[in-house]
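>>> give me the fold of what follows.
(chains A and B)
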Amino acid sequence: MTGLRIEDLSHRFGRRILFQDLNLTLAPGEWLAVTGPNGSGKTTLMRILAGLARPTRGAADLLYEGQALAPAERRNAVGLVTPDVVLDPELTALENLRFHARMRGLPSGGEADRLETVGLGGRGEDRVRTFSSGMRQRLKYAFAIQHAPLLLLLDEPTANLDVVGTELVERLRAAQRERGLLVVATNEPHEAEGATHRIHLG
Amino acid sequence: MKPQPRNDSRPRPPLSPDEGHPRQSATVSPVAPHGTSFLQKVGAVFTRETRTEFRSRYALNSIGMFAVTTLVVIGFSVSGDVPRRTHAALLWLVLLFSAMTGLSRIFVREVEARTQDALRLTADPTALLLGKMAFNGMLLAGVQAVIVPLYLLMTGLPIRNPALFLAVQLLGNVGLTLSSTLLAAIVAKAGGRAALFPVLALPILMPLLFALVAGTYAALVPDPTLQAGRLVPNLLAMRESAWAAGMPYVRLALAYAGMLGPAAVLLFDLIWNED
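Numbering: from 1, shown residues only, chains lettered A, B, ... in the order given. Modelled structure (predicted):
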């Protein structure tokens, strides 16, 4: 089996319980919407799913052909777009993508195409510090999809994006649903429409 | 709370290469492509660090300012009758504090720029550590290349064994690089409080500094006005060669680096992945 398996997942900060005993299995082609008010734990859940944080209890395993992926394999299987993930402002967009492609073990080339895809064609040689918040959000998408991840995690997916950017996100979401697993954390009800699974926090 | 399964009735557009996915398959394989060797990853981290530093110049500026200030103060205030073992200590103190102002930034910078999560998502922790160590080592070598000749020129210190002197400098570079890079990672995880760095560093660096000061002293021409051997009594008293006098400290510095290197690699994974 290939998919995302969440078992008895619980997390708390001190005495405050963010979520408790979440159970879910997500198969390819399915997608999960995580909703809830600000501070309900959506971003924490996304960080746990990405392997960036450990849950207080339970597990969130990414399965490939029945085997839970080890941390090193998981790095190559997860793409994450969230306000917490920031690319190096001192490097250009292309330098950032090339660096992370190399870290992911991807063959060189293709970074300019990724930028073209997210609407940043022609801005690859500009330093990220000169980018607007919307451009940085687009760059995060290029970063998140450059390795064709099995699991794509989108936290506040359309934050800072204009109409064209929002349409781009919709296309990327649709493509990911066709080819792997998708989890979207959002405050916007329309962004959760059509989810095959839903978790409401808070 | 249990997730509620729902039906997805939305139309799904066909998968297109234009969507930015380099590989096409019904289900993506997470097996890592092997387009980059471990050494290439280390090199990529080193290149990234070099680029960001030469663009921001934060470490270079802070190291440069500290080095110039301390060298000028020492040049004006230290007279010719200062014992040479004091010179050896002063030289390493200037190097240590100049380096600390820059080397401690290597991970704190990631916290301040919030680039840490992106690195954790993609980078092999060991490759990241070694790449950052290589950069810190280069930075420290640059500091040594400027400060040591200036110090020798300003104080007129005679060296009786240049090879031993250089060997101690090299071991100092390795030991300080290993310890400061690992400590910088710990400090970054403690909320990036740079003030913690010297507090943690000084006790850990004490054995290394002792070896470096004593080894440097052994490489200098003995001070004729001193009773031989306050710092290394037996060896200097016997008037053995500089190598013989310095070798115990060279071994101590080697042992320090030999223990700290593997420990840093083993510990870093835990430190880096701690949320």
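>>> scan chain A for its longest helix.
The longest helix of chain A (DSSP state H) is helix A:163-179.
>>> just list what that one packs against, helices and strands only.
Counting contacts by 3 or more CB pairs under 8 Å, 6 or more residues apart in numbering or on different chains; DSSP states H and E, helix A:163-179 is packed against strand A:31-35, helix A:133-145, strand A:151-155, strand A:181-186. C-betas here are computed from N, CA, C, even on glycine.
>>> mean confidence for it?
Averaged across helix A:163-179, pLDDT comes to 93.
>>> CA atoms only: put that helix into PDB for me.
Taking Å, rounded to 0.1, in the frame of the first residue of the first chain, the C-alpha atoms of helix A:163-179 are listed here in PDB:
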ATOM      1  CA  VAL A 163      -6.000  35.800  -8.900                       C
ATOM      2  CA  VAL A 164      -3.500  34.400 -11.300                       C
ATOM      3  CA  GLY A 165      -1.500  32.900  -8.500                       C
ATOM      4  CA  THR A 166      -4.700  31.400  -7.000                       C
ATOM      5  CA  GLU A 167      -5.500  29.700 -10.300                       C
ATOM      6  CA  LEU A 168      -1.900  28.400 -10.500                       C
ATOM      7  CA  VAL A 169      -2.400  26.800  -7.100                       C
ATOM      8  CA  GLU A 170      -5.700  25.200  -8.200                       C
ATOM      9  CA  ARG A 171      -3.900  23.600 -11.200                       C
ATOM     10  CA  LEU A 172      -1.100  22.400  -9.000                       C
ATOM     11  CA  ARG A 173      -3.500  20.900  -6.600                       C
ATOM     12  CA  ALA A 174      -5.400  19.100  -9.300                       C
ATOM     13  CA  ALA A 175      -2.200  17.700 -10.700                       C
ATOM     14  CA  GLN A 176      -1.100  16.500  -7.300                       C
ATOM     15  CA  ARG A 177      -4.400  14.800  -6.800                       C
ATOM     16  CA  GLU A 178      -3.900  12.900 -10.000                       C
ATOM     17  CA  ARG A 179      -0.400  11.700  -9.100                       C
END
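>>> report the buried residues of that helix.
For helix A:163-179, the neighbour count (16 or more other CB atoms under 10 Å in any protein chain shown) marks A:G165, A:L168, A:V169, A:L172, A:R173, A:A174, A:A175, A:Q176, A:R177, A:E178, A:R179 as buried.
>>> closest to chain B out of those?
A:A175 (3.9 Å; CB to the nearest CB).
>>> picking up where we left off before, identify whichever of the helices and strands packed on helix A:163-179 lies nearest to B:T155.
Smallest distance to B:T155 across those (CB to CB): 50.8 Å, for helix A:133-145.
>>> is any part of the closest one close to chain B?
Yes: using CB under 8 Å from any CB of the partner chain, helix A:133-145 reaches chain B at A:Y141, A:A142, A:F143, A:I145.
>>> tell me the confidence at the second one?
This points to A:A142. On the pLDDT scale, A:A142 is placed at 96.
>>> could you report the neighbour count for it?
Neighbour count of A:A142, defined by other CB atoms under 10 Å in any protein chain shown: 26.
>>> show me what contacts it?
For A:A142, the contact set (CB atoms under 8 Å, 6 or more residues apart in numbering or on different chains) comprises A:A93, A:L97, A:E111, A:R114, A:L115, A:T117, A:V118, A:L120, B:G20.
>>> how does it look with 10 Å?
Residues near A:A142 by CB atoms under 10 Å, 6 or more residues apart in numbering or on different chains: A:81, A:87, A:93-94, A:96-97, A:100, A:111, A:113-120, A:124, B:20.
>>> now do the first one
Contacts of A:Y141 were listed using CB under 10 Å, 6+ apart, and they are A:79, A:81, A:114, A:117-120, A:152, A:154, A:157, A:161, A:165, A:168-169, A:172, B:20.
>>> B:D117 versus the residue in the stretch 151-275 of chain B positioned nearest to chain A, what's the distance?
Among the residues of the stretch 151-275 of chain B, B:D275 lies nearest to chain A; the distance is 4.3 Å by CB to the nearest CB. Counting by CB to CB, to the nearest Å, the separation of B:D275 from B:D117 is 10 Å.
>>> how about A:E30?
Separation of A:E30 from B:D117 (CB to CB): 26 Å.
>>> so for the two, which sits in the more crowded spot?
Taking neighbours as other CB under 10 Å, A:E30 and B:D117 compare with A:E30 leading, 21 against 18.
>>> can you tell me the closest non-neighbouring residue to that one?
In this structure, A:E30 finds its nearest non-sequential neighbour in A:T196, 4.2 Å apart by CB to CB, 6 or more residues apart in numbering or on different chains.
>>> burial of the one you found, as a residue count?
A:T196: 19 surrounding residues under other CB under 10 Å.
>>> quick check: it touching A:A33?
Yes: taking contacts as CB atoms under 10 Å, A:T196 lies within contact range of A:A33: 8.8 Å.
>>> and of the contacts of A:Y141, the nearest to B:R109?
Relative to B:R109, the closest of those is A:V81; by CB to CB it sits at 22.8 Å.
>>> contacting residues for the residue nearest to A:D61 when sequence neighbours are not counted?
Nearest residue to A:D61, sequence neighbours excluded (CB to CB, 6+ apart): A:A68, at 4.0 Å. Residues near A:A68 by CB under 10 Å, 6+ apart: A:R5, A:A59, A:A60, A:D61, A:L62, A:R74.
>>> quick check: A:E73 vs chain B, distance?
6 Å (CB to the nearest CB, to the nearest Å).
>>> what about the closest residue in space to A:E111 that isn't next to it in sequence, helix or strand, and which?
Of all residues not flanking A:E111 in the chain, A:L97 sits nearest, at 4.0 Å (CB to CB, 6+ apart). Counting by DSSP states H and E, the element that carries A:L97 is helix A:93-103.
>>> for that helix, packing partners?
When contacts are defined as 3 or more CB pairs under 10 Å, 6 or more residues apart in numbering or on different chains; DSSP states H and E, helix A:93-103 packs onto helix A:111-117, helix A:133-145, helix B:38-56, helix B:116-122, helix B:125-155.
>>> pull the CA atoms of stretch B:136-149 into CSV?
C-alpha atoms of stretch B:136-149 as CSV (Å, rounded to 0.1, in the frame of the first residue of the first chain):
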residue,chain,number,x,y,z
ASN,B,136,33.7,28.0,9.1
GLY,B,137,37.1,26.5,8.7
MET,B,138,37.8,28.6,5.6
LEU,B,139,36.6,31.7,7.5
LEU,B,140,38.8,31.0,10.4
ALA,B,141,41.8,30.3,8.1
GLY,B,142,41.2,33.7,6.6
VAL,B,143,41.2,35.3,10.1
GLN,B,144,44.4,33.5,10.9
ALA,B,145,46.0,34.5,7.7
VAL,B,146,45.4,38.1,8.5
ILE,B,147,45.8,38.3,12.3
VAL,B,148,48.8,36.0,12.9
PRO,B,149,51.2,37.8,10.5
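>>> great, nothing more from me.
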